[in-house]
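S.K.: My questions are about this predicted structure, shown below with the sequence.
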Amino acid sequence: MIYTVTFNPCLDYIVGVEDFQLGMTNRTCSEQMFAGGKGINVSIVLKNLGIESTALGFIAGFTGEEIRRKVEKMGITSEFIQLENGFSRINIKLKSIDGTEINGTGPSIGNEELERLLKKLDTLKKGDVLILAGSIPASLPDSIYSDIMERLEEKEVMIVVDATKDLLVNVLKYHPFLIKPNNHELGDIFGVEIRERDQVAPYAKKLQEMGARNVLVSMAGKGAVLLAEDGSVYESPAPKGKLINAVGAGDSMVAGFTAGYMQKGSYEHAFKMGVSTGSASAFSENFATKEEVEAIYKTL
């Protein structure tokens with residue numbers, strides 16, 4: 001079974017406003033609301049690809065109940081832990097001004113509630129996949145990802161980590177199955193600027209030497225690079241298509257790679273699935289469908 005963890009899930013409230021003006025009353029011309037958070041995004045895309053997963057994390061208040069309802073309505077199994085206080089965050093995304101958003105803070109997570117999640121994770125076994133994605137709420141220790149991996153170290157669970165800088169570097173000693181920095185995040189770790197695919201391999205190799213088994217680097221319009229644990233290096237330019245919505249493309253790549261590896265145990269297939277799925281989501285208003293992924297896969 002695949003499990004995704006979203007520590008701070010949200011409702012993404014996506015609005016379009018024509019001729020937005022500061023200091024004025026603006027009215028929406030379009031509105032959408034989705035359950036969000038990186039782990040939930042991965043679960044949604046896995047479901048679209050026909051692969052089951054269980055979504056874990058914390059929810060609170062009426063917004064938390066709506067997150068649960070939306071996730072389960074999509075046919076995804078959820079085992080969220082209900083917090084007693086606060087409410088799950090709402091993120092406002094202004095569609096008509098690219099990149100403009102206001103993200104909520106989210107509820108505080110107590111030690112007892114965290115322990116309930118950890119006990120759920122204790123039930124994972126060899127062959128299960130755990131996907132840890134996204135930032136850590138301020139109420140949790142920065143070491144939570146590495147704490148989880150240390151706790152599961154003897155269970156031979158395949159762990160995927162999609163996080164940034166220290167959060168990512170600190171888990172490498174526990175040998176995650178896959179990490180997925182983008183080129184900017186990879187450059188930040190080593191204090192360099194990475195713009196082209198041929199610059200990726202030396203730094204991705206350093207992350208392998210630090211403990212990562214497979215390093216998948218996304219580069220938006222420049223494509224992607226995979227350094228696999230068997231020594232193979234795979235590169236791909238970005239598939240051709242019109243960028244419509246880049247939000248969630250990285251999560252989609254993680255879902256596609258995971259799905260591809262679960263299907264065939266092949267890193268080449270997993271890489272192509274990752275690139276195809278990330279691109280299909282970027283070329284769509286919503287997350288990639290299986291048909292959209294298959295169409296792009298054929299072009300690689």
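M.R.: Noted; the coordinates are in hand.

S.K.: any idea where the strands of the protein begin and end?
M.R.: 2-6, 10-16, 30-36, 53-60, 77-78, 81-83, 89-94, 100-102, 129-133, 158-162, 178-179, 214-218, 224-227, 233-236 (DSSP state E).

S.K.: which other helices and strands contact the last one?
M.R.: Under the contact criterion of 3 or more C-beta pairs under 8 Å, 6 or more residues apart in numbering; DSSP states H and E, strand 233-236 touches strand 224-227, helix 267-282. Backbone N, C-alpha and C define where each C-beta goes, glycine included.

S.K.: Let me have these in a markdown table, adding distance to Asp19, mean pLDDT and mean neighbour count as columns.
M.R.: Listed next are the helices and strands packed on strand 233-236 as a markdown table, based on distance: least, C-beta to C-beta, whole Å; pLDDT from 0 to 100; neighbours: other C-beta atoms under 10 Å:
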| stretch | distance to Asp19 | mean pLDDT | mean neighbour count |
| --- | --- | --- | --- |
| strand 224-227 | 37 | 97 | 26 |
| helix 267-282 | 26 | 97 | 26 |
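
S.K.: returning to what we had before: comparing the strands of the chain by mean pLDDT, which bottoms out?
M.R.: For the strands of the chain, mean pLDDT drops lowest on strand 100-102, to a mean of 88.

S.K.: How much space separates Leu300 from Tyr234?
M.R.: Distance of Leu300 to Tyr234, given as C-beta to C-beta, to the nearest Å: 10 Å.

S.K.: what about the two, which has more around it?
M.R.: It is Tyr234, of Leu300 and Tyr234, that has more neighbours when counted by other C-beta atoms under 10 Å, with 17 against 13.

S.K.: Any idea how many residues pack against Asn111?
M.R.: When neighbours are defined as other C-beta under 10 Å, Asn111 has 10 of them.

S.K.: Tell me the confidence at it?
M.R.: Predicted confidence (pLDDT) for Asn111: 94.

S.K.: surely Ser279 meets Leu243?
M.R.: No - if you go by C-beta atoms under 8 Å, Ser279 and Leu243 don't touch, sitting 9.4 Å apart.

S.K.: okay, the strands of the chain in TSV with distance to Ala259 next?
M.R.: Converted to TSV, the strands of the chain look like this (distance: least, C-beta to C-beta, whole Å):
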stretch	distance to Ala259
strand 2-6	9
strand 10-16	23
strand 30-36	20
strand 53-60	10
strand 77-78	16
strand 81-83	26
strand 89-94	26
strand 100-102	28
strand 129-133	10
strand 158-162	12
strand 178-179	12
strand 214-218	13
strand 224-227	15
strand 233-236	16
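
S.K.: No more questions from me, cheers.
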